[in-house]
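J.: quick one, what's the 3D model for this:
(2 chains)
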Amino acid sequence: MKRFLLPLVIFLVVVGFLFKGLNLDPREVPSPLVNKLAPMFSLPRLDNPEQVFSPKDMLGKVWLFNVWASWCGACRDEHPVLLELSKTGIVPIYGMDYKDTRQDAQQWLDQGGNPYIATAMDIDGRVGINYGVYGVPETYVIDKTGVIAYKQIGPVTDEVLRNKILPLVKRLQAQ
Amino acid sequence: MIPEIGHFSLILALLVALALGTFPIIGAARGNAVWMGLARPLARAQFLLIAAAFICLAYAFATMDYSVTYVATNSNSKLPLQYRIAAVWGGHEGSLLLWAMILSVWTVAVSLFSKHLPDDMRARILGVMGLISVGFLLFMLMVSNPFERLIPAALDGRDLNPLLQDPGMIFHPPMLYMGYVGFSVAFAFAIAALLGGQLDAAWARWSRPWTTMAWVFLTLGIMGGSNWAYYELGWGGWWFWDAVENASFMPWLAGTALIHSLAVTEKRGSFKAWTVLLAICAFSLSLLGTFLVRSGVLTSVHAFATDPRRGLFILVFLVAVIGGSLTLFAWRAPTVGRGGKFDVVSRESFLLANNVLLAVAAFSVLLGTLYPLFLDALGLGKISVGPPYFDTVFAPLMTPALFLMGIGPIARWKQASLPELALRLRWAFGVSVATAVVLPVLLGHWTPMIGLGLFLAFWIFATSANLVYQRLHGKEQPLIIRVKAIPRSWWGMVIAHLGIAVFTLGVTIVKGFESEIAVRMLPGDVAHLAGYDFTFDGVKDSQGPNYTASVGQLHVTKNGVERTVLSPAKRLYTVQNMPMTEAGISPALIHDLYASLGEPLDDGAWSVRIYHKPMVEWIWAGCAMMALGGLLALSDRRYRMQKRRKKERDLKPNEALA
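T.: Next up is the predicted model:
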């Protein structure tokens, strides 16, 4: 009897690991951009195309850089989290609208609320290439010297925000 | 409107699947013929409903309905129609629909071709398949609905991943899924047998053709995927030990073991518990593969966007199906008899050894695939296990397996004599050792791995030749009659085994003798590789339906004689702004010449990679032979005879009346 139970036991051990694995993030790979200077750009802003946004303007501050798009489903998931965060005023959030149209993007923010202090328009995705964007949304924590301290691939969840991003932001702000 | 019809069909299909998963199984337990009889109509209704949903989704793609989120994220108005249709399974939700669709195809196939089965057995089999279907339909409706609307509708779609815009996309996933999901039939047979307590030779005979069929599809699917990677990725590799490739390879290994073990169970009544366990494992590994790909637990080129709720759902489903069936196994298998006795030296022993080796191989692939996850879960850091692990583990496991493959078919059932075997096979052994030593010397390069690979390939060739010769010689009828007198399943085995030899030969030669160069080429420059001269004629721009391309041209000469022209290209898919390489390949029996275009350099020069790949096509030819062997076994007369017997049985009452 016992030997017939063996396959079940092995399977249950594997399941234990798989369950643990669900809460791990394989995408949390050390990105080549982390601990490097955030690539420079200057792009027109969504709210006012006459004005440009550049990471240079943010030197001296810790800030979040969130790549989003109106066509992106997962961005809808993280949107409330970002909105909530923006209301606390702990850290400024700047957005980059990736491969999108001005009209769609504006409509999306009008409907869903706008957590961003400003959004840069990367309509042809060129800046996204420099940042190695391979899926939207992505979020970067950039420190006072303009160095990328953390990169989140995929939506920012409450958990990630609480356990990773906010403690990191606090540490960086204290530096 | 059409997407809502699709959505509604899925909901109805779920209800039908629930009925299919309960009534027939309860009916079989209670001996209620009416409830058991529900199985067949329900299986058909389920198929029609899922097919309707599938057609609705395909229609949404064909008509470019970007108010459906899934359509908007996986296609684009400039995408050609054939890829818009293939885009149905280009993302997470749609590939689940394909899974459910193919499961319903297998279910309906079982309902059509199971007239010879006892009613309770058939009811249980279809019921188990219905339960699996419930899981997938629930998964789709709860967290992965392909018909979800996008409001407001997108103006245009995000386009299908350019990597998937290839004819391979049209055939590879359906083939692979036919194989994956096909093992659900063997699984359902095993569970039905455990439930009914009827694990006998008849059970093995009934489930054999289904298993072989699924195995043929899986073989072809893996072969297609490997070939696709070879020409699409532009690195000249044909297998990468990627987590998702492993996910298809594990069920293949378990399925191969299952086919052999079923043969023993049918012919000799042995290995019953082991066969049942393999049937459970083959399908469990298919499910596990689905989990690995869909849950985002592992990263892979094939992985789709992830959502933690989905992972949890599949894990719970996995525990229910695999955990449930292994519990059932632990409970019922001890009561199964042990079957016929056999000697240490016998065909049973050889098959058992091969079986164990295949199972260990499947397990070690599983270990290698999950190892990074284990370490990560235990907080020991992030690593990735690559080809070095698999290459080191695989050679020592496959060497004895291939060696035994030469002996198994020649050995007698029950009791074989070692001296007699040695006597019969000494020539084959001598020939293969001689080839392994002499051939590489002639080719100018000898390493232990080349020697070993050649030895194993020629060992299988030689032992198969011996096997065929012994079976055919010495009788008086003309050859053609003698060939026909032998069952096709036997020829199927010989051809599948020869396929392994062809495959091994291809792998050995290409690994041992391939060469490549990376060069900077201006128009008019000539590169030299493996005795060929490659002249670069420059690059022309061209325009595809949804991409712009730079197509290079290399004409290939040998000793001044024109041989072929290679056209490697670089495409830029405009919607996602994604560059893709298209290799230029001139395939041939002896070798492939393979070129891929790198980056444009300054002053009109390009970086070009050229590969010489001797006998690489033999790898896929070997796979095709394995599949052909399976098909031949399926066409065996005894399966058709079953039908004839059935017809006779049906006729008898009428005769009695007459």
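
J.: please name the nearest non-neighbouring residue to B:Gly451.
T.: B:Ala436 (4.6 Å; CB to CB, 6 or more residues apart in numbering or on different chains). From N, CA and C alone the C-beta is placed, and that goes for glycine too.

J.: same check, this time on A:Gly128
T.: In space, A:Gly128 is closest to A:Tyr98, 5.0 Å off (CB to CB, 6+ apart).

J.: next, count neighbours for the one you found.
T.: Close neighbours of A:Tyr98, defined as other CB atoms under 10 Å in any protein chain shown, add up to 26.

J.: go ahead and confirm it touches A:Val133.
T.: Yes - the pair A:Tyr98 and A:Val133 qualifies as a contact (CB atoms under 8 Å) at a distance of 6.3 Å.

J.: about what we covered before: tell me the bridge partners for the residue nearest to A:Gly128.
T.: A:Asp122 (DSSP bridges).

J.: per-residue pLDDT of it, please?
T.: At A:Tyr98, the pLDDT value in this model is 84.

J.: ok so, going back, overlap of the contact sets of A:Tyr98 and A:Val133?
T.: Residues touching both A:Tyr98 and A:Val133 (CB atoms under 8 Å, 6 or more residues apart in numbering or on different chains): A:67, A:125.

J.: distance of the residue nearest to B:Gly451 from chain A?
T.: Going from B:Ala436 to chain A by CB to the nearest CB, to the nearest Å gives 38 Å.

J.: which SS state does that residue fall under?
T.: Assigned with DSSP: H, G, I helix; E, B strand; the rest coil, B:Ala436 falls in the helix class.

J.: contacting residues for it?
T.: Per CB under 8 Å, 6+ apart, neighbours of B:Ala436: B:451-452, B:454-455, B:458.

J.: for the residues you listed, which one is nearest A:Asn163?
T.: A:Asn163 lies nearest to B:Leu452 out of the contacts of B:Ala436, by CB to CB, at 51.1 Å.

J.: what's the strand or helix carrying A:Gln111 packed up against?
T.: Using DSSP states H and E, A:Gln111 sits within helix A:102-112. Applying 3 or more CB pairs under 8 Å, 6 or more residues apart in numbering or on different chains; DSSP states H and E, one finds that helix A:102-112 makes contact with helix A:73-88, strand A:118-122.

J.: helices of the stretch 451-600 of chain B, start to end?
T.: B:479-485, B:488-513 (DSSP state H, counting those that start in this stretch).

J.: go through these and find the least confident stretch.
T.: helix B:479-485 (a mean of 83).

J.: with just CA atoms, put it into CSV.
T.: Taking C-alpha atoms only, helix B:479-485 is exported to CSV below (Å, rounded to 0.1, in the frame of the first residue of the first chain):
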residue,chain,number,x,y,z
LEU,B,479,8.7,-11.5,-50.3
ILE,B,480,5.8,-9.2,-50.7
ILE,B,481,3.4,-11.7,-49.2
ARG,B,482,5.7,-12.3,-46.3
VAL,B,483,6.0,-8.5,-45.7
LYS,B,484,2.2,-8.2,-45.7
ALA,B,485,1.7,-11.2,-43.4
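
J.: quick check: which of the helices and strands packed on helix A:102-112 is buried the most?
T.: strand A:118-122 (a mean of 22; mean count of other CB atoms under 10 Å in any protein chain shown).

J.: pLDDT-wise, which helix or strand of chain A ranks last?
T.: Scoring the helices and strands of chain A by mean pLDDT, DSSP states H and E places helix A:126-130 at the bottom, with a mean of 80.

J.: contacts only, for the residue in the stretch 401-550 of chain B that chain A sits nearest to.
T.: Residue of the stretch 401-550 of chain B nearest chain A, by CB to the nearest CB: B:Thr548 (14.3 Å). The neighbours of B:Thr548, taking CB under 8 Å, 6+ apart as the test, are B:541-542, B:571-572, B:574.

J.: list the beta-bridge partners for it.
T.: With DSSP bridges as the criterion, B:Thr548 is bridged to B:Gln543, B:Leu572.

J.: ok so, going back, just put the contacts of B:Ala436 in a markdown table and tack on pLDDT and distance to B:Ile314.
T.: Output for the contacts of B:Ala436, formatted as a markdown table (pLDDT from 0 to 100; distance: CB to CB, whole Å):
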| residue | pLDDT | distance to B:Ile314 |
| --- | --- | --- |
| B:Gly451 | 92 | 45 |
| B:Leu452 | 93 | 40 |
| B:Leu454 | 94 | 43 |
| B:Phe455 | 95 | 43 |
| B:Phe458 | 95 | 45 |
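
J.: who wins on neighbours among those?
T.: B:Leu454 (25 neighbours).

J.: touching, that one and B:Leu442? I think so.
T.: No - applying CB under 8 Å as the test, B:Leu454 and B:Leu442 come out as separate, 11.2 Å apart.

J.: can you tell me what sits against stretch B:448-461?
T.: B:395, B:399, B:402-403, B:405-406, B:428-429, B:431-433, B:435-437, B:439-440, B:497-498, B:500-502, B:504-505, B:507-509, B:511-512.

J.: any chance you could map the strands in the stretch 501-650 of chain B?
T.: B:515-521, B:526-529, B:532-543, B:547-558, B:561-566, B:569-573, B:578-582, B:584-586, B:591-600, B:606-614 (DSSP state E, counting those that start in this stretch).

J.: worst average pLDDT in these?
T.: Minimum mean pLDDT among the strands of the stretch 501-650 of chain B: strand B:578-582, a mean of 81.

J.: off-centre distance for that one?
T.: 26 Å (CA atoms, centre = their mean, to the nearest Å).

J.: same for it, what does it pack against?
T.: Using 3+ CB pairs under 8 Å, 6+ apart, strand B:578-582 is in contact with helix B:201-232, strand B:569-573.

J.: got the angle for that strand vs strand B:547-558?
T.: 20 degrees (axes from the mean of the first three to the mean of the last three CA atoms, to 10 degrees).

J.: what strands line up against strand B:578-582, and which way round?
T.: Counting by DSSP bridges, strand B:578-582 is paired with strand B:569-573 (antiparallel).

J.: OK, contacts around the closest residue to B:Asp541 other than its chain neighbours?
T.: In space, and not counting its chain neighbours, B:Asp541 is closest to B:Ser550: 5.8 Å by CB to CB, 6+ apart. The contact partners of B:Ser550, by CB under 8 Å, 6+ apart, come to B:539-542, B:569-570, B:597, B:600.

J.: now swap in B:Ile517 and tell me
T.: Residues in contact with B:Ile517, defined by CB under 8 Å, 6+ apart, are B:527, B:529, B:609-610.

J.: mind putting those residues into TSV with neighbour count?
T.: Compiled in TSV, the contacts of B:Ile517 are given as follows (neighbours: other CB atoms under 10 Å in any protein chain shown):
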residue	neighbour count
B:Ala527	20
B:Leu529	17
B:Arg609	20
B:Ile610	27
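
J.: show me where pLDDT drops low in chain A?
T.: Counting by pLDDT under 70, the ranges of chain A that qualify are A:1, A:23-32, A:73, A:134-135.

J.: in it, which helix is the longest?
T.: helix A:2-22 (DSSP state H).

J.: same for it, what does it pack against?
T.: With contacts taken as 3+ CB pairs under 8 Å, 6+ apart, helix A:2-22 sits against helix B:272-295, helix B:308-318, helix B:324-332, helix B:347-377.

J.: any idea which helix or strand comes after it?
T.: Downstream of helix A:2-22 (by DSSP H and E), the next one is strand A:43-44.

J.: what is that next one packed up against?
T.: strand A:52-53, strand A:118-122.

J.: so how far is B:Leu160 from the residue nearest to B:Asp541?
T.: 21 Å (CB to CB, to the nearest Å).

J.: next: B:Pro396.
T.: B:Pro396 is 41 Å from B:Leu160, by CB to CB.

J.: tell me which of those two has more neighbours.
T.: B:Leu160 (25 against 11).

J.: give me the most central residue, the chain.
T.: Because you didn't say which chain, this covers chain A. A:Thr139 (1.7 Å; CA atoms, centre = their mean).

J.: let me rephrase: I mean chain B.
T.: Geometric middle of chain B (CA atoms, centre = their mean) lands on B:Leu218, at 2.4 Å.
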